[in-house]
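Novice: Sequence first, predicted coordinates after that:
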Amino acid sequence: MARAGAFVWAFLSVVLLAFNTSHGDALGVNWGTQASHILQPSIVVRLLKDNGINKVKLFDADSWTVNALAGSGIEVMVGIPNKDLQRYNSYKKAKHWVEKNVTKHLYDGGVDIRYVAVGNEPFLTSYNGSFLNTTFPALSNIQKALDEAGHGDKIKATIPLNADVYESATNKPSDGQFRKDIKDLMIKIVKLLHEKKSAFVVNIYPFLSLYQNPDFPLDFAFFNGGGNPTEDKGVQYTNVFDANHDTLVWALRKAGVPDLKILVGEIGWPTDGDKNANLKLARRFYDGLLKKLADGKGTPLRPGRLDVYLFGLIDENMKSVAPGSFERHWGIFFFDGKPKFPMDFSGKGLDKFLEPAKGVIYLEPKWCVLNRDAVKNMTQVEPFVNYACSNSDCTSLGYGSSCNNLDQNGNVSYAFNMYFQMQNQDVEACNFNGMGKITTKNASTGTCLFPVQMMSAGEKLIGYGVSVTGFMGLVLFGLLW
Ligand SMILES: *[C@@H]1O[C@H](CO)[C@@H](O)[C@H](O)[C@H]1NC(C)=O
Ligand SMILES: *[C@@H]1O[C@H](CO)[C@@H](O)[C@H](O)[C@H]1NC(C)=O
Ligand SMILES: *[C@@H]1O[C@H](CO)[C@@H](O)[C@H](O)[C@H]1NC(C)=O
Ligand SMILES: *[C@@H]1O[C@H](CO)[C@@H](O)[C@H](O)[C@H]1NC(C)=O
Ligand SMILES: *[C@@H]1O[C@H](CO)[C@@H](O)[C@H](O)[C@H]1NC(C)=O
Ligand SMILES: *[C@@H]1O[C@H](CO)[C@@H](O)[C@H](O)[C@H]1NC(C)=O
């Protein structure tokens, strides 16, 4: 999920994660890059290595990123965005994609590509069926092109899907089946995945179960029990992840592919932007998940090691907030590669932080804040706050978020600073008709961090520019006054 719509059915929507019992040798993460300022790929690859993360899932096949993984020993899933699916309904173009984006990287000491993600949650109901016709042909063409290039034994095409592609009318896993409107399509897909010995990639988000349903039992979103277990054919389910995962297992059984491999493509917990998105609950979620992965017990219907990609690696401040303000806060690291909370990949729950990113270069320690003396009437600042937030990221100001306790002046300063940093501390970006001023005094207070941006690694800045959404600006505008 994370990438777009948000629904999933009422009760069973969850998550997961994977790595090996003793050495944690198969822990994956999602590396998304929808941010205004991104870390150098080489810094990110070192971050992965330093923390023993050895599988990574990408959302495209940008060679800048993929090249950085050469020789790292990290297993890679490259991706094809939904908007390109139609293009690869042409076998010729699919073949060309494989040459340029896979074969090219497979030299000795190159990139260890294992999967190609064809689309990303293309069947979300919020897409109104836009990708229903083009996804299967693209999957089939890409796999065929991989096979013909001689990579088919090692590199598999698949489709990361949201858990909303299956459902259970009763919420019992054993009533699981593929969603009615796409059932025939899903059966075609899983048969191909099975035939090609690929895997079903599913994104499961317990956080969203909670977010979407105020009556959802909180404890059921985590892994340490506490709630009432639900019973299904003699199996006790103590958390929504297991129940959701096993609903998929039932759907696969009914589709005639009971042994199709399952990978959890995304699982995680956001740390800001909602009342349940905070460091404490994220830590609880990951502690439980990492312990579960280390146990190697899997789920009731799929005992054994779980294969999991955490979502996500680093916060992304340009993601759409349509699903909620938390969308920009899924990282296990902040935007600059600093770890957020203690996290122990060995699953032993040790109270230690992950290794931070090394070699990050920041802008100067300067902030832009409200110049109270220049303001006669606070109504004057409204349009400027609106503009600043629309063109940066004010998702930490909302209800239940890390900066929600600021006073009105603090709110304005926060907005001004986020815009100023987004604009690489351009002096003009702290003008606001004379109402902003630059200071070298750290403006952070309590839980609320006023960030200083990094020097951007470049590339991605172009093209995003000032186009955020306007949505948060409007929200803030409404709430401020
Ligand atoms: C390779 O992937 C990139 C990024 O996903 C894409 O822009 C490019 O068009 C692809 N190359 C070909 C030949 O399709
Ligand atoms: C889907 O349909 C709804 C309602 O008709 C519309 O608001 C939305 O923009 C559409 N989404 C897409 C991705 O086409
Ligand atoms: C998909 O194909 C069907 C049947 O050919 C057609 O009715 C529908 O409009 C197509 N959908 C899209 C989004 O192109
Ligand atoms: C500003 O203060 C916050 C919290 O007190 C701290 O985390 C942050 O590193 C400081 N920023 C700089 C640039 O010193
Ligand atoms: C502030 O400005 C607004 C709009 O210009 C005006 O309606 C309001 O009365 C002013 N408030 C004060 C206290 O002057
Ligand atoms: C600051 O902004 C937030 C988010 O818009 C709002 O909830 C809060 O009430 C504001 N505080 C004041 C004092 O205006």
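Specialist: Nice, thanks for sending it over. Ligands and ions are numbered 1, 2, ... in the order given.

Novice: Rounded mean pLDDT for the longest helix along the chain, please.
Specialist: When the chain is parsed with DSSP state H, its longest helix is helix 279-295. Average pLDDT, helix 279-295: 97.

Novice: do stretch 342-356 as well
Specialist: The average pLDDT within stretch 342-356 is 94.

Novice: What is the end-to-end distance of that stretch?
Specialist: The straight-line separation of the ends of stretch 342-356 (Cα to Cα, to the nearest Å) is 12 Å.

Novice: What lies in contact with that stretch?
Specialist: For stretch 342-356, contacts defined as Cβ atoms under 8 Å, 6 or more residues apart in numbering pick out 19, 24, 27, 47, 50-53, 283, 286-287, 290-295, 332-333, 337-339, 341. Placement of C-beta: from N, CA and C, glycine included.

Novice: Which among those count as buried?
Specialist: Buried subset of the contacts of stretch 342-356 (neighbour count, 16 or more other Cβ atoms under 10 Å): 19, 24, 27, 47, 51, 53, 283, 286-287, 290-294, 332-333, 337, 339, 341.

Novice: contacts with ligand 4 among the residues you listed, please.
Specialist: Among these, not one lies near ligand 4 by Cβ under 6 Å from any ligand atom.

Novice: With only the CA atoms kept, save stretch 54-72 in CSV.
Specialist: Taking Å, rounded to 0.1, in the frame of the first residue of the first chain, the C-alpha atoms of stretch 54-72 are listed here in CSV:
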residue,chain,number,x,y,z
ASN,A,54,20.5,-7.7,2.1
LYS,A,55,17.4,-7.5,0.0
VAL,A,56,16.0,-4.4,-1.5
LYS,A,57,12.8,-3.6,-3.4
LEU,A,58,12.7,-0.6,-5.8
PHE,A,59,9.8,1.1,-7.5
ASP,A,60,11.5,1.6,-10.8
ALA,A,61,14.7,0.6,-12.5
ASP,A,62,16.5,4.0,-12.5
SER,A,63,20.0,3.1,-13.4
TRP,A,64,21.4,5.7,-11.0
THR,A,65,20.1,3.7,-8.1
VAL,A,66,20.5,0.2,-9.6
ASN,A,67,24.2,0.8,-10.5
ALA,A,68,24.9,1.7,-6.9
LEU,A,69,23.9,-1.8,-5.9
ALA,A,70,26.5,-3.4,-8.2
GLY,A,71,28.9,-5.7,-6.3
SER,A,72,27.1,-5.1,-3.0
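
Novice: For the stretch 1-150 of the chain, what lies in contact range of ligand 4?
Specialist: Close to ligand 4, as judged by Cβ under 6 Å from any ligand atom, the stretch 1-150 of the chain has no residues.

Novice: Determine the next helix or strand in the C-terminal direction from the longest helix of the chain.
Specialist: Going down the chain from helix 279-295, the next helix or strand is strand 308-310, by DSSP states H and E.

Novice: Just give me how far that following strand sits from the chain centre.
Specialist: Chain-centre distance of strand 308-310: 10 Å, with Cα atoms, centre = their mean, to the nearest Å.

Novice: for whichever residue of the stretch 151-300 of the chain sits closest to ligand 4, what are its contacts?
Specialist: Nearest to ligand 4 in the stretch 151-300 of the chain, going by Cβ to the nearest ligand atom, is residue 279, at a distance of 13.3 Å. Residue 279 is in contact with 271, 340, 341, counting by Cβ under 8 Å, 6+ apart.

Novice: Can I get these in CSV including distance to residue 371 and secondary structure?
Specialist: Below are the contacts of residue 279 laid out as CSV (distance: Cβ to Cβ, whole Å; DSSP: H, G, I helix; E, B strand; the rest coil):
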residue, distance to residue 371, secondary structure
271, 31, coil
340, 32, coil
341, 35, coil
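
Novice: Out of the residues you listed, which comes closest to ligand 6?
Specialist: Here the nearest of the contacts of residue 279 to ligand 6, counting by Cβ to the nearest ligand atom, is residue 271; it sits at 17.6 Å.

Novice: thought that closest one was touching residue 282?
Specialist: Yes - under the criterion of Cβ atoms under 8 Å, residue 271 makes contact with residue 282 at 4.8 Å.

Novice: Next, show the common contact partners of those two.
Specialist: 340, 341.

Novice: Distance of residue 147 relative to ligand 1?
Specialist: Going from residue 147 to ligand 1 by Cβ to the nearest ligand atom, to the nearest Å gives 18 Å.

Novice: Helix, strand, or coil at that residue?
Specialist: Following DSSP: H, G, I helix; E, B strand; the rest coil, we place residue 147 in the helix state.

Novice: show me what contacts residue 249?
Specialist: Residues in contact with residue 249 (Cβ under 8 Å, 6+ apart) are 173, 176, 258, 262, 299, 301, 302.

Novice: Please confirm that residue 56 is located within a strand.
Specialist: Yes - counting by three-state DSSP, residue 56 is part of a strand.

Novice: got a list of what it touches?
Specialist: 28, 29, 30, 31, 48, 69, 74, 75, 76, 77, 309, 313.

Novice: Check residue 224 too.
Specialist: By Cβ under 8 Å, 6+ apart, the contact set of residue 224 is 284, 288.

Novice: That one: what secondary structure?
Specialist: coil.

Novice: re earlier: for residue 402, see how far away the residue of the stretch 151-300 of the chain closest to ligand 4 is.
Specialist: 9 Å (Cβ to Cβ, to the nearest Å).

Novice: cool, and residue 319?
Specialist: Distance, residue 319 to residue 402, using Cβ to Cβ: 17 Å.

Novice: Look at the two and report which has more neighbours.
Specialist: residue 319 (24 against 21; other Cβ atoms under 10 Å).

Novice: returning to what we had before: between the contacts of residue 279, which is nearest residue 388?
Specialist: Closest approach to residue 388 among the contacts of residue 279 (Cβ to Cβ): residue 271, at 22.8 Å.

Novice: one step back: would you turn the contacts of residue 279 into CSV with distance to residue 98?
Specialist: CSV is the format used below for the contacts of residue 279 (distance: Cβ to Cβ, whole Å):
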residue, distance to residue 98
271, 37
340, 37
341, 40
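
Novice: Quick check, residue 117 in contact with residue 82.
Specialist: No - using Cβ under 8 Å as the test, residue 117 is too far from residue 82 to be in contact (10.5 Å).

Novice: In three-state terms, label the closest residue to residue 87 other than its chain neighbours for me.
Specialist: Once flanking residues are discounted, residue 87 sits nearest to residue 93: 5.4 Å by Cβ to Cβ, 6 or more residues apart in numbering. Here residue 93 is recorded as helix under three-state DSSP.

Novice: gap between residue 93 and residue 334?
Specialist: 39 Å.

Novice: now do residue 261
Specialist: Where residue 334 is concerned, residue 261 sits at a distance of 33 Å (Cβ to Cβ).

Novice: before we move on, what about residue 389?
Specialist: Distance from residue 389 to residue 334, by Cβ to Cβ: 19 Å.
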